[in-house]
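Participant: Here is a sequence with its predicted model. Questions after.
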Amino acid sequence: MATLKDILLKISAVKKTRQITKAMNMVAASRLRGAQTSMEAFRPYAGKFSEVLGSLAQRAGEEANPLLVPREEVKNVHVVLCTSDRGLCGGFNVNLIEKAAAFMKEKADTGIDFSFTNFGKKGRDWCRKEKLQIDNEHLGVVGASFGFNTAATVGKNLVDAFLEGTYDEVYVVYAEFASMARQLPVLQQLLPIPPIETGGAEEAGAYMPEHICEPSTDSLFGDMLPRNVYVQIYSALLETSTSEHAARMMSMDNATKACSDMLENLTLVYNKARQAAITAELMDIVGGAEALR
Amino acid sequence: MAGNIHLEVVTPEKIVVSEEVQIVASPGSLGEFGVLSGHTPFLTTLNTGIMRYTDLNEKEYYVFVSGGFAEALPDKVTVLAESAERRSDVDLERAKAAMERAEKLLAEERSREDIDFSRASASLERATVRIRLVGLS
């Protein structure tokens, strides 16, 4: 049976833990706000971009660009894995890594070589542990503040490697921010660029045909396709960052609640123990007095 | 004809300009072009350069743009750029540092890798344009 002092120690330890989780929750909340602001700020650009890209795709000639053509033989698959640098965010990273692992398993028996670009330490550590080939790693991006430049540089490397034939297919795994409580791991193909949605065919058709394009429709399209890759990477990074903070906020909230529950129980145990001690002492005294009489 | 056009300059990070203007001149990849209200629908890529516009009070503004494209419609101009800054937001010190860095790279390592070369010269161009923009009166 634990003594009173032991219980008191335990209570103060749990209290301190609760303080920490509470603080982490608040930090995550304020970072989340920042990440959401960046996402909001990106929306007008992304919206306009896909609008223009969609209508250009309709007008551009067939097989206009090597970035669009699927390879007949796929031997080298590259995965951009977005995870967080830090833990304590529930199943967030595990889910992302499982998504990537499931994808590899799916393709395992076809003799494909996988390589990785890692955003975030957790994914990199996993790749190292599994002895997977890491071509590139970027730490301190997800969950921090980063610019479009970061995405553009990485995107450019990927596009170049794809064109050189180093990679036959490129995918990105990231966490989609569905809501505060739900972050979905998503696998998306980056290269070759999947057929572009023209988004409401008649509307797009009516929107563009009379545009004059400079230098030409095809070269404009060719200019926009790599940029489309950068845009997708940027948006994947933004989503992952936002999701990370949301996931951490949730798990820290749960931890704080668990601490509170534990405190309640411990206090109860403490009070009972104290009462038992008092009762025992009283019995002693009463017993002693009786004996003297 | 003094109609107004709505000018919007958007980067992935923020909306840089969104206002009613009279005239816009921007650095298209096939030469500078000006837009007044009633322009034919038009789409072009942009060079790194300086965009000018005049607001409703006849005041002229300059904006640095790089890596993007512009769409002109009769009553609207939308510029999507990878980076864009108003003149007052340009960081002169940073641009100067970037210029020095790029020049150094170009001077010493011209033979190394052509990828680095193109990147450095693009960065030099951006820095030069930024510095020129600040110097404009």
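Facilitator: Perfect, I can see it now. Residues are numbered from 1 along each chain as shown, chains lettered A, B, ... in the order given.
Participant: quick one, phi psi at residue 130?
Facilitator: This is for chain A. Main-chain dihedrals, A:Glu130, degrees, to the nearest 10: phi -90, psi 0.
Participant: what do you get for A:Ser145?
Facilitator: The phi/psi pair for A:Ser145 (degrees, to the nearest 10) reads phi -100, psi 130.
Participant: Name the helix or strand for the residue nearest the centre of chain A, please.
Facilitator: The centroid of chain A falls nearest to A:Thr240 when counting by C-alpha atoms, centre = their mean (3.3 Å). Element membership for A:Thr240 (DSSP states H and E) is helix A:217-292.
Participant: which residue packs closest to the residue in the stretch 51-200 of chain A positioned nearest to chain B, ignoring adjacent ones?
Facilitator: Ranking the residues of the stretch 51-200 of chain A by distance to chain B (C-beta to the nearest C-beta) places A:Phe148 first, at 4.1 Å. (Each C-beta comes from the backbone N, C-alpha and C, glycine too.) Excluding its sequence neighbours, the residue lying closest to A:Phe148 (C-beta to C-beta, 6 or more residues apart in numbering or on different chains) is B:Pro12, at 4.1 Å.
Participant: Model confidence for the one you found, exactly?
Facilitator: At B:Pro12, the pLDDT value in this model is 88.
Participant: Count the neighbours of B:Met99 for me.
Facilitator: Residue crowding around B:Met99 was assessed by other C-beta atoms under 10 Å in any protein chain shown; the count is 18.
Participant: Surely it touches B:Arg132?
Facilitator: No. With contact defined as C-beta atoms under 8 Å, B:Met99 does not reach B:Arg132; the gap is 10.8 Å.
Participant: give the contact list for the residue nearest to A:Phe148.
Facilitator: Residues near B:Pro12 by C-beta atoms under 8 Å, 6 or more residues apart in numbering or on different chains: A:Ala41, A:Phe42, A:Tyr45, A:Ala46, A:Phe148, A:Val231, A:Tyr234, B:Glu82.
Participant: Let's have these in a markdown table, adding neighbour count and distance to B:Ser66.
Facilitator: Listed next are those as a markdown table, based on neighbours: other C-beta atoms under 10 Å in any protein chain shown; distance: C-beta to C-beta, whole Å:
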| residue | neighbour count | distance to B:Ser66 |
| --- | --- | --- |
| A:Ala41 | 16 | 18 |
| A:Phe42 | 21 | 18 |
| A:Tyr45 | 23 | 14 |
| A:Ala46 | 18 | 19 |
| A:Phe148 | 22 | 11 |
| A:Val231 | 24 | 16 |
| A:Tyr234 | 25 | 16 |
| B:Glu82 | 22 | 6 |
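Participant: and which of those is nearest A:Ser12?
Facilitator: Lowest distance from A:Ser12 to the contacts of B:Pro12 (C-beta to C-beta) belongs to A:Ala41, with 44.4 Å.
Participant: Show me chain A divided up by domain.
Facilitator: Here the domain parsing of chain A from automatic domain parsing is A:4-26+A:250-292, A:27-249.
Participant: Now do the helices in chain B.
Facilitator: Counting by DSSP state H, chain B has helices at residues B:92-108, B:114-135.
Participant: ok, of the ones you listed, where does mean pLDDT dip lowest?
Facilitator: Among the helices of chain B, helix B:114-135 carries the lowest mean pLDDT, at a mean of 78.
Participant: ok, and for that helix, which residues are buried?
Facilitator: For helix B:114-135, burial by neighbour count (16 or more other C-beta atoms under 10 Å in any protein chain shown) applies to B:Ala120, B:Ser123, B:Leu124, B:Glu125, B:Arg126, B:Ala127, B:Thr128, B:Val129, B:Arg130, B:Leu133, B:Val134.
Participant: roughly how far apart are the second one and B:Gly28?
Facilitator: By that I understand B:Ser123. Computed as C-beta to C-beta, to the nearest Å, the B:Ser123 to B:Gly28 distance reads 21 Å.
Participant: same thing with the third one?
Facilitator: As for B:Leu124, its distance to B:Gly28 is 21 Å (criterion: C-beta to C-beta).
Participant: can you list the residues of chain B near chain A?
Facilitator: Within chain B, the positions adjacent to chain A are B:8, B:10-15, B:28-30, B:40-45, B:69, B:71, B:78, B:80, B:82-83, B:115 by C-beta under 8 Å from any C-beta of the partner chain.
Participant: Within range of chain B, give me the residues from chain A.
Facilitator: Counting by C-beta under 8 Å from any C-beta, chain A sits next to chain B at A:38, A:41-42, A:44-46, A:48-49, A:52, A:56, A:147-149, A:152, A:160, A:208, A:210-215, A:220, A:223-224, A:227, A:231, A:234.
Participant: No further questions, thank you.
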